[in-house]
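Chemist: Need the 3D shape of this:
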Amino acid sequence: MKLTFPHLGNVGLPLRMMLEQAGAEVVMPPPNSKRTLSLGTKYAPESVCLPFKLTLGNFIEALEQGADTIFMANGPGRCRFGFYGEVQQRILRELGYQFTMLQVNTSEHVLQNILRALRTISPGLSWLQAGQAFRLGYTALQAVDMLEKELHRVRPREKEKQAASRIFQSVMDRLQRVKTIPEIRAVRDCGLQQLRRVPVNETPVLKIGILGEIYVVLEPFVTADIERRLAEMGVEVSKFLYPSDWASFNFFIKALKVFPEHGTAAAAAKPYLNYAVGGEGLKTVGQTVLCAQQDYDGVIQLYPFTCMPEIVARHMLPRIQEDLQIPILTLGVDEHTGAAGLQTRLEAFVDMVSRRKAAKCGK
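Modeler: Numbers count the residues shown, from 1 in each chain. Model (predicted):
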């Protein structure tokens, strides 16, 4: 069995480690590229959202490299994501590819579903071994997110440009070669120390929250690496969709039926949206309110063009902007989105936010 899965930011590394620990041979698709998008756009329905097209392109490129099994998340809900696997299967089979698709429900009983999937991949795997493989991947996922959060703090302040990014990439390369939890933690701690030793400027920076649909927020290819671009403009980015936070909520907190973080965002959203609309729509609204309450300088909503949950959320944001006086930029992306146009909009937004903050501070 040669297993593959779609790209999603830095999730690929922990997922590969978990699957290999369970005994699978993993075929990583090439990094997302113009070819990936071109393949997905060519064979996907025209009106479907960008994440569908890119993940379809991932599967085509991985199958070309010899993969014979696709590991794919799914789940019911008010978002088209629940249909990805079934529709993509049909498209790929019509193109003549022979493969097995293993779909994992990520809406309910997520941890149990993942453990069952690992045992399906490796039939001789015990529940204990499946749990050990999961723990390895989960530890790596937490480590990657901790490093990324520190990168976001340091990068807009660094005196030597690209210093933090080089360290982060070096640490990610080292994580590719480790096999055990103690090794993951050692590399993580060393990486955090290196990032914290990067010489930084003490001048204040802007702080902007990035919210929206999870795939677009996490996958840098989609937004031409918006986090790096903002850091180069002197902006500290705060994301509220880190994969390890999602995993902790769905693996553990949700199972215990206590929802502290989600409940807070949902409560904050109530004056503007008081019911779930699918995807991250409700959280986008609620977290925008929380950003305003926590004195963020601005918010950027990222979403794929035609994404219904985020379109609903987008229509609530002007009211929040007016009521709470926080600048908000909404960016819908599709296969036609260009880096130059995105850069122009970001520069204009950051300039406006900077002038607004200076006026507020009386400078």
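
Chemist: Does residue 111 lie in a helix or a strand, and which?
Modeler: helix 110-121 (DSSP states H and E).

Chemist: what is the mean pLDDT for that helix?
Modeler: Over the span of helix 110-121, the pLDDT mean works out to 93.

Chemist: residue closest to the middle of the chain?
Modeler: Taking C-alpha atoms, centre = their mean, the centroid of the chain lies closest to residue 218, which sits 2.4 Å from it.

Chemist: which residue sits closest to it in space, ignoring its chain neighbours?
Modeler: Take residue 218 and drop its neighbours on the chain: the residue closest to it by C-beta to C-beta, 6 or more residues apart in numbering is residue 9, 3.6 Å away. Using the backbone N, CA and C atoms, a C-beta is placed for each residue, glycine as well.

Chemist: next one: residue 303
Modeler: Excluding the flanking residues, the one nearest residue 303 by C-beta to C-beta, 6+ apart is residue 310, at 3.4 Å.

Chemist: For that neighbour, give me the pLDDT.
Modeler: 94.

Chemist: Show me which helix runs longest in this structure.
Modeler: Longest helix in the chain, counting residues (DSSP state H): helix 127-154.

Chemist: Please state the offset of that helix from the chain centre?
Modeler: Centre-to-centre, helix 127-154 and its host chain are 14 Å apart (C-alpha atoms, centre = their mean, to the nearest Å).

Chemist: Using the three-state scheme, assign the residue nearest to residue 303.
Modeler: Taking DSSP: H, G, I helix; E, B strand; the rest coil as the rule, one finds residue 310 in the helix state.

Chemist: Looks like it contacts residue 283 (just checking).
Modeler: No. Using C-beta atoms under 8 Å as the test, residue 310 is too far from residue 283 to be in contact (10.4 Å).

Chemist: quick one, which of these two is more surrounded?
Modeler: Neighbour totals were compared for residue 310 and residue 283, and residue 310 leads with 29 against 25 (other C-beta atoms under 10 Å).

Chemist: Contact partners for the more buried one?
Modeler: 212, 213, 279, 280, 281, 284, 301, 303, 304, 332 (C-beta atoms under 8 Å, 6 or more residues apart in numbering).

Chemist: let's see 10 Å
Modeler: By C-beta atoms under 10 Å, 6 or more residues apart in numbering, the contact set of residue 310 is 49, 79, 211-213, 216, 277-281, 284-285, 301-304, 330, 332.

Chemist: so what's the backbone phi/psi at the nearest residue to residue 61 once chain neighbours are set aside?
Modeler: Nearest non-adjacent residue to residue 61, counting by C-beta to C-beta, 6+ apart: residue 29, 4.8 Å away. Residue 29 has phi and psi values of phi -70, psi 150 when expressed as degrees, to the nearest 10.

Chemist: Now for residue 29, how many residues are close by?
Modeler: Per other C-beta under 10 Å, the neighbour tally for residue 29 reads 23.

Chemist: So it is in contact with residue 8, correct?
Modeler: No. Taking contacts as C-beta atoms under 10 Å, residue 29 lies outside contact range of residue 8: 11.3 Å.

Chemist: Mutual contacts of these two, please.
Modeler: Residues touching both residue 29 and residue 8 (C-beta under 10 Å, 6+ apart) are 55, 58.

Chemist: Just give the nearest non-adjacent residue to residue 357, would you?
Modeler: Looking at residue 357 with C-beta to C-beta, 6+ apart, the closest residue is residue 297, at 5.6 Å.

Chemist: residues in contact with the one you found?
Modeler: With the criterion set at C-beta under 10 Å, 6+ apart, residue 297 makes contact with 204-209, 235-236, 291, 326-327, 350, 353-354, 356-357, 360.

Chemist: ok, back up a step: what comes into contact with the helix holding residue 111?
Modeler: Here helix 110-121 makes contact (C-beta under 10 Å, 6+ apart) with 1, 3, 18-19, 21-25, 69, 71, 73, 75, 100, 102-107, 109, 125-127, 129-134, 137-138, 246-247, 249-252, 254-255.

Chemist: 7 Å instead, please
Modeler: With contacts defined as C-beta atoms under 7 Å, 6 or more residues apart in numbering, helix 110-121 is touched by 1, 3, 19, 22, 24, 102, 104-105, 125, 127, 130-131, 133-134, 250-251.
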